[in-house]
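[1] Predicted coordinates and the sequence they were generated for:
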Number of protein chains: 2
Amino acid sequence: MRIAVIGSGAVGSFYGARLGRAGHDVRFLMRRDYEAVRRNGLTVRSCDGDFRFPAKVFARSEEIGPVDLVICALKTTALDAAPGLIRPCLGPDTEVLALMNGLGVEDRFAQWFGAERVFGGLAFVCINRGEPGVVNHYGYGRVAIGHFRDDAARARRIAALFAEAGFETSVPPSLLQARWEKLVWNIPFSTLAVSAGGVPTSRIMADEGLRGLARLLMTEVIAAGNADGCHIEEEPLIRKMFEDTATMGDYRPSMLIDYVEKKPLEVESILGEPVRRALRLGVPVPHVDMQYRLVCFLDRLNRGEASG
Amino acid sequence: MRIAVIGSGAVGSFYGARLGRAGHDVRFLMRRDYEAVRRNGLTVRSCDGDFRFPAKVFARSEEIGPVDLVICALKTTALDAAPGLIRPCLGPDTEVLALMNGLGVEDRFAQWFGAERVFGGLAFVCINRGEPGVVNHYGYGRVAIGHFRDDAARARRIAALFAEAGFETSVPPSLLQARWEKLVWNIPFSTLAVSAGGVPTSRIMADEGLRGLARLLMTEVIAAGNADGCHIEEEPLIRKMFEDTATMGDYRPSMLIDYVEKKPLEVESILGEPVRRALRLGVPVPHVDMQYRLVCFLDRLNRGEASG
C-alpha cells in the first residue's frame, strides 16, 4: 500500500518507519530532517529494538502525489496548513488518518476532504525526536483507530496495517468517546505539567492539592464528554488514569517538552475546543476553563508573544 | 506614646519610622537589619521625601518590655511566632495592631491576647526593602484601621496616630469587610502574578483571558465575603479594582517579589483561609480554590520543597 506521512515529527516518523519496515511504500513529507534522512535514512532507537529505515523523503506534497492512505501527524498548532499539504496526495479513494491530539481535528478534516474518507488515530506512546533523522521510543505504542462516522469495518482495515507492523491496536466503538477519554488524561496531566511550573507527572501525583485538582479536571472533562454524546463511566476511568500515571514515573508529557523547547503548545485542541464544546452544551467546566486561560498565557509568555 | 514594632520588614520599618519622626517612642524588634540600624539608623527613601530616623532597635522583645501599642508587621508566614514575640511587650492596657495581610490574623490575635485589645490595619502602600537599614517607598501610604469588634471610637484613636504622622487614614465600619475587599484585589492580582509565570499586574491587565479570570476570582471572593457577613456591592468594587490597577503600570505585588526572592509566600492568609471560610459557608469558589492549589505547589517548588 502507498502511504504518505504528512508531518514527520516523532509520531509520524516512528509509525511511518514501522509501516515501511512492514513492507508498505511509505513516503515522508519532511522539513527539518529532510537532508539528514535523505542521507542516512530514519533511525529509530526503540525499547523494542533499534533499526534504521531507508525512508523516501520529499520536500513537497506534489512530489509524493496521490496515495492510498495519508497519515497526518502534524501538531494541531499547524492544523491550518493541513489542507494545502494533504490535497496533492489525495486520489478519489484516498483515506486520511488524523494521528493527532485533542478534539475537533476530524471535524475539520471532514469539512475539507469529505467525511467518508476521514479516520482518527490515537497514539499511546512515549517517544520524542532526537538529532535530525532520529526518533527515540521509550515505551508503549498502542494505536486506537476510528472512522469519523464510526464505520468499524473500515476502521479495522486501517488498524490491521498497524497490527501487521507489530502494534497493539483497537477500534473503539466511538471515535469521539476515545478522544474525550484521552483528554481525561491529557487535560490534567499534560496541562498541569506546564502550569504547575514545568514538572513531570510524578510531581503532580505526589502533591495532594494537585492530585485533587487533577481529579476535579477529570470530572469536568467526563461531564462534558457525556453531554457531547459519550457514555463514560466516571469512577472506573478516573481510577484507571491515576493507576496508569502512577506507573509512568517522571514522565514528561509532549506538551511539557514543547514548553521547555519554547515551541507552540497544542492548547486549542487539548483545552480550547473542549472548553468551547462544554460551554455550548451548558456544562460548567470552571477548572478546565481556568487551565485554558493560564496555559494560553504561559504559552505566549514562554515564546515572548504575551503583550503588556 | 511608647510603641513596639514587631516584624521590621518594609511595612514595619516604614510606618514605625514615620511614627517615630512624629514624636513617639518607637522601639523596633529587628533581626536581619539589627546591626545596620544600630549603626546608621533607618533610612527611608520616599517619594514624599527621604529621611533618616535614629531608630531604637532591639534583638529581643524582653528588652523592649511593655508598651502602649504593639504594631505587628510580621509576614503571615511567621504568624505562629507572633505570641512569643508580642507577649513580652504587653501590659494590662497594651493594644495590639495587626498590620498584616489576608484573612484570619485578628482571630488568632484575639485568641492569644484577648479580643478587646486587638486591632487590624490594612496598608495600601508600594514599598520594599533595600539594603540593610533602608526602605524604599514608591507611592501611596493610606492606612485603614479597625477594631476586632468594630469599636469605631477606639479604632479612630489608633488611626489618629497615623494621621498625625502624615498618612491618609480611614476607619471602615467593618474590619472584616475591609479585609475581604482587600482580598478582592490581592487574590486576582497578587496570586495570578505568581501562577501566570511571574508577571507584573500590567501583563494580567493586557491579557483578555487573564483579565476575565481576574473578574471570575473577584466575583467568587465577593460572594464568599458577603456570605461571611459583609455587604459588598459587586460591580462597583470590581470596576474600581480594575480602574485602580490600570494606573499601577508594571506593579509587582509583594507576593511576586517574595516569589522571585524565593521566600515563603503568604498563601494561607491570602488564599487558604478565604477558601476554607467559603467552603464552611457553602459558597463555591472553584477558581480561588484552584489558584490556592497551584500557588501552594509553586511556592514549595520554588523553594525546593515540593516532593516527588
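    Nice, I can see it.

[2] contacts for the lengthiest helix in chain A?
    Using DSSP state H to define each element, chain A has its longest helix at helix A:208-227. For helix A:208-227, contacts defined as CB atoms under 8 Å, 6 or more residues apart in numbering or on different chains pick out A:177, A:180-181, A:183-184, A:187-189, A:192, A:196, A:203-205, A:232, A:234, A:237-238, A:241-242, A:274, A:277-278, A:281-288, A:291, B:286, B:290, B:292-294, B:296-297. Quick note: C-beta positions are derived from backbone N, CA and C, even for glycine.

[3] Let me know the next secondary structure element after that helix.
    Using DSSP states H and E, the helix or strand that follows helix A:208-227 in sequence is helix A:234-246.

[4] now the angle from that following helix to helix A:208-227?
    130 degrees (axes from the mean of the first three to the mean of the last three CA atoms, to 10 degrees).

[5] Average pLDDT for helix A:234-246, rounded please.
    Per-region confidence: helix A:234-246 scores 97 on mean pLDDT.

[6] Show me what secondary structure element comes after it.
    helix A:254-260.

[7] Tell me the buried residues in that next one?
    Residues A:S254, A:M255, A:L256, A:D258, A:Y259 are the ones in helix A:254-260 that count as buried (16 or more other CB atoms under 10 Å in any protein chain shown).

[8] Quickly name whichever of those is closest to chain B.
    Of all these, A:Y259 has the smallest distance to chain B: 10.8 Å, by CB to the nearest CB.

[9] my guess is the closest one meets A:L301, correct?
    No. Using CB atoms under 8 Å as the test, A:Y259 is too far from A:L301 to be in contact (10.5 Å).

[10] and stretch A:268-285, average pLDDT?
    Here the average pLDDT along stretch A:268-285 is 98.

[11] same check, this time on stretch A:64-80
    Computed over stretch A:64-80, the mean pLDDT rounds to 97.

[12] end-to-end on that stretch?
    This stretch, stretch A:64-80, spans 20 Å end to end (CA to CA, to the nearest Å).

[13] Return the residues in contact with A:Y292.
    Going by CB under 8 Å, 6+ apart, A:Y292 touches A:V267, A:L271, A:G272, A:V275, B:G209.

[14] Let's see that with 10 Å instead.
    The neighbours of A:Y292, taking CB atoms under 10 Å, 6 or more residues apart in numbering or on different chains as the test, are A:187, A:191, A:267-268, A:270-276, A:285, B:209, B:213.

[15] Which of those sits closest to A:V135?
    Nearest to A:V135 among the contacts of A:Y292, counting by CB to CB, is A:I270 at 22.1 Å.

[16] Not counting its neighbours along the chain, what's nearest the closest one?
    Leaving aside its sequence neighbours, A:I270 sits nearest to A:G102 (CB to CB, 6 or more residues apart in numbering or on different chains; 4.4 Å).

[17] isn't there a strand covering the one you found?
    No. Counting by DSSP: H, G, I helix; E, B strand; the rest coil, one finds A:G102 to be coil, located in no strand.

[18] For A:R21, which non-adjacent residue is spatially closest?
    What sits nearest to A:R21 in space, not counting adjacent residues and going by CB to CB, 6+ apart, is A:F53, at 5.6 Å.

[19] Next one: that neighbour, what pLDDT does it get?
    pLDDT recorded at A:F53 is 96.

[20] Can you verify my assumption that it contacts A:H24?
    No. Using CB atoms under 10 Å, A:F53 makes no contact with A:H24, being 11.2 Å away.

[21] Spit out the residues that contact the two alike.
    Jointly contacting A:F53 and A:H24 under the rule CB under 10 Å, 6+ apart are A:G16, A:R18.

[22] picking up where we left off before, the longest helix of chain A: how far from the chain's middle?
    The chain centre lies 20 Å from the centre of helix A:208-227; the measure is CA atoms, centre = their mean, to the nearest Å.

[23] domains of chain A?
    Taking automatic domain parsing as the criterion, chain A consists of the domains A:2-173, A:176-302.

[24] Restricted to strands, list the contacts of helix A:208-227.
    If you go by DSSP state E, those have nothing in strands.

[25] Just the buried ones from these?
    For those, buried by 16+ other CB under 10 Å: A:177, A:180-181, A:183-184, A:187-189, A:192, A:196, A:203-205, A:232, A:237-238, A:241-242, A:274, A:277-278, A:283, A:285-288, A:291, B:286, B:290, B:292-294, B:296-297.

[26] Find the closest residue to chain B in the stretch 51-200 of chain A.
    Counting by CB to the nearest CB, the stretch 51-200 of chain A gets nearest chain B through A:G197, at 4.9 Å.

[27] What does the pLDDT read for that residue?
    pLDDT, A:G197: 96.

[28] Just read off the phi/psi values of it.
    phi 100, psi 10 (degrees, to the nearest 10).

[29] same question, A:T94
    According to degrees, to the nearest 10, A:T94 has phi -70, psi 130.

[30] swap in the one 10 residues further on?
    Recorded main-chain torsions at A:G104 are phi 100, psi -10, according to degrees, to the nearest 10.

[31] Would you check how far apart it and A:V5 are?
    22 Å (CB to CB, to the nearest Å).

[32] What ranges does the stretch 51-200 of chain A have for its strands?
    A:51-53, A:56-58, A:67-72, A:90-99, A:118-129, A:134-147, A:169-170 (DSSP state E, counting those that start in this stretch).

[33] Please work out which of those is packed deepest.
    Comparing those by mean neighbour count (mean count of other CB atoms under 10 Å in any protein chain shown), strand A:67-72 ranks first with a mean of 24.

[34] How far away from the center of its chain is that strand?
    The answer for strand A:67-72 is 16 Å, by CA atoms, centre = their mean.

[35] Point out where chain A drops to low pLDDT.
    Counting by pLDDT under 70, chain A shows low-confidence ranges at A:306-308.
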